[in-house]
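Asker: Okay, predicted coordinates and the sequence, questions at the end:
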Amino acid sequence: MSNLIKPEGYKALLDMRQTEMGIKMIKDFFQQNLSTELRLRRVTAPLFVLKGLGINDDLNGVERPVSFPIKDLGEAQAEVVHSLAKWKRLTLAEYEIEPAYGVYTDMNAIRADEELDNLHSLYVDQWDWEAVITKKDRTIAFLENIVRRIYGAILRTEFLACEHYPQLKPFLPKEIHFIHAQDLLDMYPDLSPKEREDAICKKYGAVFVEGIGGKLSDGKKHDGRAPDYDDWSTVAENGKVGLNGDILIWYPVLGRSFELSSMGIRVDKESLLRQLKLEGKEDREKLYFHQQLLNDKLPLSIGGGIGQSRLCMVLLHKAHIGEIQASIWPEEMRKEAEEAGMNLI
């Protein structure tokens, strides 16, 4: 409950009926824009996968997946997905997707260990996407080009929402700023990673922080990343480490930075082996997903996830993600939120 941000004088600009209509409008429009912009085909995704194949994403390595036994498979364990980072790459190979094309899907997950607040829920919904690339595309310039195209789709969706509901006023900047996590540390050496994100987002409005997952000069990571999907250890053409990052914006409703997307160029064989060694996870080399990659059965790719409820929350100017999605919240948080003008679904 201490994590609940209560913006002073907050009042929802849309009622519940307008909100539900706005959610559908934003989701329909944005995913069509994303699909067209990145040439993505929609595919159907699993809610759960078998345990022990290395397909589920372990995020920061401490989150426990929700699991259950399958009666008809001899009590084999299934896990509700944390994300589809690895599953999508397998799907690219299965569908024999050509370079410069890809797939996207609706990803629904349960994260039981999440600390609940205005931005974090037990229920996660995002557009997960993955596209095939070539070896020459594994550059920071290529990554930044994709980021600009995604950000452009976000801007077009913001325009649509504000045109439909004139009480909403656009606040996102026309351009997104790029900065490496090490440069961000050098700029704000006395701040925590979250405080650095707040400072840089307040300055520029929209930022892509690059190189997330590896240790910086202070011996700490900007944020955790699993070793087997994003490539956070390759030295890019600009001499900096990492081919991944997060899209962040400054969100005036809450007065803080706000992550909309995590994405990156995915590991190739060399970076997979290097990152598994760095993280002491060499035992994963024997798992199904990792063997497919190491045996050249998977294409090179770029991909990420874009929060559906988060995007709707921002573009409809809501103060709590529970105003967008139905989830479970502590009763005390519900009461405090209602008193602060946030009516949780």
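Answerer: Yep, it's here.
Asker: Quick check: mean pLDDT of stretch 254-272?
Answerer: Averaged across stretch 254-272, the pLDDT comes to 97.
Asker: got the buried residues for it?
Answerer: Going by neighbour count (16 or more other Cβ atoms under 10 Å), the buried part of stretch 254-272 is 254, 256-268, 271-272. Where you see a C-beta, it was placed from the backbone N, CA and C, and this is true even at glycine.
Asker: May I have the secondary structure class of Gln275?
Answerer: Assigned by DSSP: H, G, I helix; E, B strand; the rest coil, the conformation of Gln275 is helix.
Asker: number of nearby residues for Ala100?
Answerer: 12 (other Cβ atoms under 10 Å).
Asker: Please apply the same query to Leu168.
Answerer: Neighbour tally, Leu168, other Cβ under 10 Å: 17.
Asker: wait, it sits on Cys162?
Answerer: Yes - between Leu168 and Cys162 a contact is recorded at 4.8 Å, counting by Cβ atoms under 8 Å.
Asker: For stretch 279-294, what is the spacing between the initial and final residues?
Answerer: The straight-line separation of the ends of stretch 279-294 (Cα to Cα, to the nearest Å) is 18 Å.
Asker: Equivalent analysis for stretch 86-102, please.
Answerer: End to end - Cα to Cα - stretch 86-102 spans 14 Å.
Asker: try stretch 116-128
Answerer: Length of stretch 116-128, first residue to last, Cα to Cα: 22 Å.
Asker: Look through the chain and tell me its longest helix.
Answerer: Counting residues, the longest helix found in the chain (DSSP state H) is helix 140-164.
Asker: Show me what it is packed against.
Answerer: Applying 3 or more Cβ pairs under 8 Å, 6 or more residues apart in numbering; DSSP states H and E, one finds that helix 140-164 contacts helix 16-38, strand 206-210, strand 244-251, strand 256-265, strand 301-307, helix 308-315.
Asker: And these: which comes nearest Arg156?
Answerer: Closest approach to Arg156 among the helices and strands packed on helix 140-164 is made by helix 16-38 (5.9 Å; Cβ to Cβ).
Asker: From the contact counts, what lies against the closest one?
Answerer: Checking 3+ Cβ pairs under 8 Å, 6+ apart, helix 16-38 ends up next to strand 40-42, strand 102-110, strand 123-132, helix 140-164, helix 308-315.
Asker: Nearest to Lys51, out of these?
Answerer: Nearest to Lys51 among the helices and strands packed on helix 16-38 is strand 102-110 (14.9 Å), distances taken as Cβ to Cβ.
Asker: Please find the angle between the direction vectors of the closest one and strand 123-132.
Answerer: Computed by axes from the mean of the first three to the mean of the last three Cα atoms, to 10 degrees, the angle separating strand 102-110 from strand 123-132 equals 160 degrees.
Asker: Does His320 touch Asn118 like I think?
Answerer: Yes - if you go by Cβ under 8 Å, His320 and Asn118 touch, sitting 4.8 Å apart.
Asker: what residues do these two have in common as contacts?
Answerer: Overlap of the contact sets of His320 and Asn118 (by Cβ atoms under 8 Å, 6 or more residues apart in numbering) consists of Leu4.
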